[in-house]
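1. Turn this into a structure:
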Amino acid sequence: MIAKNTERRVSLTVKCLALAFGSLLLCSCNVSRKVDTAKQAVERFHNELKAGDDDRVYDDADSAYRTSVSRQANHELLMRVRRKMGQFQRAEYQSFLMSAVTQGTFVALKYKAQFTNGDLEEQFTFRLEGEHATLVRYQASSPISY
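-> Residues are numbered from 1 along each chain as shown. This next block holds a predicted model:
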């Protein structure tokens, strides 16, 4: 009788561990997919920055971004980045932070971008809805005052 109870407990423990591991694996895949979606949005941003398509950056941004930054201010910021930093060359992903709150799921990504005149530390915050990421915040800093 004791052996059967021990066997049941071990079996239940193994099943619980398998379920927990499966849930963890499923969650990590979902997080990875969301981060990949945000990374693709960063790539679009850089392509638009390089092309000087500031209106597209603004039009594709989240309503929270458009509420806090005027079209003109967005244009001036991106023009200043191009003028001071030069031509965008490449960006290196550094880290992410994800949060899910009542306003939605947000992913903040940090990048080190290389321009012809130097490096720029960038932080992007995106709101994720399904497979779509919209820019909520863009912040950049460099030793070169831009």
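2. Tell me if I'm right that Met98 and Lys34 touch.
-> Yes: contact criterion C-beta atoms under 8 Å: Met98 and Lys34 qualify, at 6.5 Å. Every residue, glycine included, has its C-beta placed from N, CA and C.
3. Okay, buried residues for stretch 75-84 please.
-> His75, Leu77, Leu78, Val81, Arg82 (16 or more other C-beta atoms under 10 Å).
4. Just the ones in helices from those residues, please.
-> His75, Leu77, Leu78, Val81, Arg82 (DSSP state H).
5. Output those residues as CSV; include the columns pLDDT and distance to Gln114.
-> Output for these, formatted as CSV (pLDDT from 0 to 100; distance: C-beta to C-beta, whole Å):
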residue, pLDDT, distance to Gln114
His75, 97, 23
Leu77, 96, 19
Leu78, 97, 17
Val81, 95, 13
Arg82, 96, 14
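6. Need the nearest residue in space to Asp62, chain neighbours excluded.
-> Thr134 (3.7 Å; C-beta to C-beta, 6 or more residues apart in numbering).
7. Would you mind confirming that the one you found is in contact with Asp60?
-> Yes: using C-beta under 8 Å, Thr134 is in contact with Asp60, at 6.9 Å.
8. contacting residues around stretch 113-126?
-> With C-beta atoms under 8 Å, 6 or more residues apart in numbering as the test, stretch 113-126 has contacts from 37-38, 41-42, 45-46, 62, 81, 84-92, 106-112, 133-144, 146.
9. re the thing from before, switch the ones in helices among the buried residues of stretch 75-84 over to TSV; also include distance to Ala51.
-> Output for those, formatted as TSV (distance: C-beta to C-beta, whole Å):
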residue	distance to Ala51
His75	14
Leu77	16
Leu78	11
Val81	13
Arg82	10
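10. Can you identify the element that follows whichever strand in the chain runs longest toward the C-terminus?
-> Identified as the longest strand of the chain according to DSSP state E is strand 88-101. Beyond strand 88-101 in the direction of the C-terminus, DSSP states H and E gives the next helix or strand as strand 104-115.
11. which of the residues in that next one are buried?
-> By neighbour count on 16+ other C-beta under 10 Å, the buried set for strand 104-115 is Thr105, Phe106, Val107, Ala108, Leu109, Tyr111, Ala113, Gln114, Phe115.
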